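Participant: Here is a sequence together with a model predicted from it:
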Amino acid sequence: MPSVLVTGMSGTGKSTALAELGRRGFRVVDTESPAWSEWMPAANEWLWREDRIAELLAPEEDDVLYVSGCMSK
């Protein structure tokens with residue numbers, strides 16, 4: 001499936017853009033939550049849960065998937 005990563009600093013409009021894309025019928029996922037990321041004390045930052053992100057991106061579908069997030073990987 002084609003995937004588009006929407007990234008940027010806080011306040012740049014990622015959530016607004018994804019909300020609008022969702023209203024238009026596109027599949028959207030905001031990864032800035034504990035469901036997709038975890039706090040890593042050793043790194044002192046939130047990092048994507050790579051197993052969850054890999055599952056998210058793995059399906060071979062024709063629909064475009066818009067993924068938002070600016071957490072380190």
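Facilitator: In hand now; what should we look at?

Participant: For the rest of this, base every contact and every neighbour count on C-alpha atoms.
Facilitator: OK.

Participant: which residues of this structure score low on pLDDT?
Facilitator: Low-confidence segments of the chain (pLDDT under 70): 1, 70-73.

Participant: for it, longest helix please?
Facilitator: Using DSSP state H to define each element, the chain has its longest helix at helix 14-23.

Participant: in this structure, which spans are strands?
Facilitator: Secondary structure of the chain by DSSP state E: the strands cover 3-6, 27-30, 37-40, 45-48, 65-68.

Participant: could you dump those to a markdown table with mean neighbour count and distance to E55?
Facilitator: Formatted as a markdown table, the strands of the chain follow (neighbours: other C-alpha atoms under 10 Å; distance: least, C-alpha to C-alpha, whole Å):
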| stretch | mean neighbour count | distance to E55 |
| --- | --- | --- |
| strand 3-6 | 14 | 13 |
| strand 27-30 | 18 | 13 |
| strand 37-40 | 15 | 13 |
| strand 45-48 | 18 | 12 |
| strand 65-68 | 20 | 13 |
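
Participant: Dump those to a markdown table, plus distance to A58.
Facilitator: Below are those laid out as a markdown table (distance: least, C-alpha to C-alpha, whole Å):
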| stretch | distance to A58 |
| --- | --- |
| strand 3-6 | 10 |
| strand 27-30 | 14 |
| strand 37-40 | 17 |
| strand 45-48 | 15 |
| strand 65-68 | 11 |
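
Participant: To T12, which of those strands lies closest?
Facilitator: T12 lies closest, by C-alpha to C-alpha, to one member of the strands of the chain: strand 3-6, at 10.4 Å.

Participant: Tell me the strands beside the closest one, with direction?
Facilitator: Partner strands and pairing direction for strand 3-6 (DSSP bridges) are strand 65-68 (parallel).

Participant: Give me the distance between R52 and W36.
Facilitator: Distance from R52 to W36, counting by C-alpha to C-alpha, to the nearest Å: 6 Å.
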